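> Below: sequence and its predicted model.
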Amino acid sequence: MGFPGVWMTETESMVYRVVPKCACSTIGQIMYYSDHGSFYDGDIHDAQDGIYKWAQEENQDRIARNVKAHESFAFTAVRNPYARILSSFFDKICGIQRNGNRYRNNLVPLLVQKYGVEVGDPENGFEFDQIKSFRRFLLFARDTIRFRRPMDPDIHWSAMSGHISTFILNGGTYDHIFWTEAFDDGMKTVLDRVKTPHEVDLTAIPRFNESAVHGPERAHPVEEYFDDLSMHLMWEIYHRDFRLFRYDFDNPANKLPVGDIDLDEVHKKLGS
């Protein structure tokens with residue numbers, strides 16, 4: 001299996017396991033800047049040079065050698081599961097993608113037909129019942145994750161623990177896992193532990209949210225999207241995320257963690 005989702009700076013100063021919808025665009029741009037002194041011109045996910053990615057077959061041996069020998073500082077970032085699944089819904093389901101099309105082409109028509117999800121469109125200002133449609137999407141997400149139907153789960157709503165575990169299971173060790181809700185503190189810990197050709201001033205780094213302008217804005221507070229049934233579904237599919245990364249399951253309105261992440265526990269529980 002190797003190390004899917006792993007990015008590494010060309011100087012091998014740091015190794016990052018990408019977790020979708022967890023500030024990966026900003027983290028990737030910081031890694032790129034730390035090597036080159038400038039940001040990648042475009043979406044860092046499209047970069048084919050200037051940063052090593054497992055998806056680039058020619059760089060897999062280099063990444064595997066580094067990770068298995070633990071030669072670089074290795075880290076990842078996580079996000080409150082309530083906010084993350086909402087972000088996936090508004091970006092990937094409701095939003096128009098960079099290529100001008102809907103995400104995965106036939107996915108939205110499938111959701112409309114089988115789950116009654118509405119997504120609106122740019123011409124009517126994306127007007128639709130966001131709460132009702134999101135709850136129906138959440139049922140679909142549960143079906144993909146638990147039963148792999150009507151399709152395999154998508155990386156953007158697969159559990160964070162699943163992404164993070166592949167790194168451990170294949171021989172990697174994390175030095176740091178931080179919350180995106182405390183992004184500057186978490187990223188500072190990474191940068192303080194590595195040597196890079198170019199110094200990164202976190203106070204001057206923009207947030208690279210590549211999907212922000214392509215879909216509807218969230219019209220309600222996070223907690224209004226989650227009734228008792230929705231919370232039950234969230235626990236069913238994300239209970240390891242809530243437990244391991246110390247997020248508050250009982251209160252969707254609280255985006256902040258309620259305890260510290262135990263790296264030893266993460267490696268033990270996700271590495272077996």
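Thanks, I have it. Source: prediction; values computed, not measured.
> now the host helix or strand of residue 235, how far from the chain's geometric center?
Per DSSP states H and E: residue 235 is located in helix 228-244. Mean C-alpha position of helix 228-244 versus that of the full chain (C-alpha atoms, centre = their mean, to the nearest Å) differs by 17 Å.
> so where is the stretch 1-150 of the chain shaky, pLDDT-wise?
Regions of the stretch 1-150 of the chain meeting the criterion pLDDT under 70 are absent.
> Tell me the buried residues in stretch 102-114?
Buried residues in stretch 102-114, counted by 16 or more other C-beta atoms under 10 Å: 102, 103, 107, 108, 111. In short, each C-beta sits where N, CA and C put it, glycine included.
> ah, wrong one, I meant stretch 84-91
Buried residues in stretch 84-91 (16+ other C-beta under 10 Å): 84, 85, 86, 87, 88, 89, 90, 91.
> quick one on the thing from earlier: take the buried residues of stretch 102-114 and keep only those in helices.
107, 108, 111 (DSSP state H).
> Now flag whichever of the residues you listed is closest to residue 152.
Of all those, residue 152 sits closest to residue 107, with 11.7 Å by C-beta to C-beta.
> mind checking how far that closest one is from residue 119?
Using C-beta to C-beta, to the nearest Å, residue 107 is found at 10 Å from residue 119.
> what sits in contact with each of the two?
Each of residue 93 lies in contact with both residue 107 and residue 119 under the rule C-beta atoms under 8 Å, 6 or more residues apart in numbering.
> And the strands in the stretch 151-272 of the chain, which stretches?
176-179 (DSSP state E, counting those that start in this stretch).
> which regions of it sit below the pLDDT cut-off?
210-213.
> Helices of that one, start to end?
160-169, 183-192, 228-244, 263-270 (DSSP state H, counting those that start in this stretch).
> circling back to that earlier point, can I get the buried residues of stretch 84-91 in CSV including secondary structure and distance to residue 159?
Output for the buried residues of stretch 84-91, formatted as CSV (DSSP: H, G, I helix; E, B strand; the rest coil; distance: C-beta to C-beta, whole Å):
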residue, secondary structure, distance to residue 159
84, helix, 10
85, helix, 10
86, helix, 15
87, helix, 15
88, helix, 12
89, helix, 16
90, helix, 19
91, helix, 18
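> Brilliant, that's me finished.
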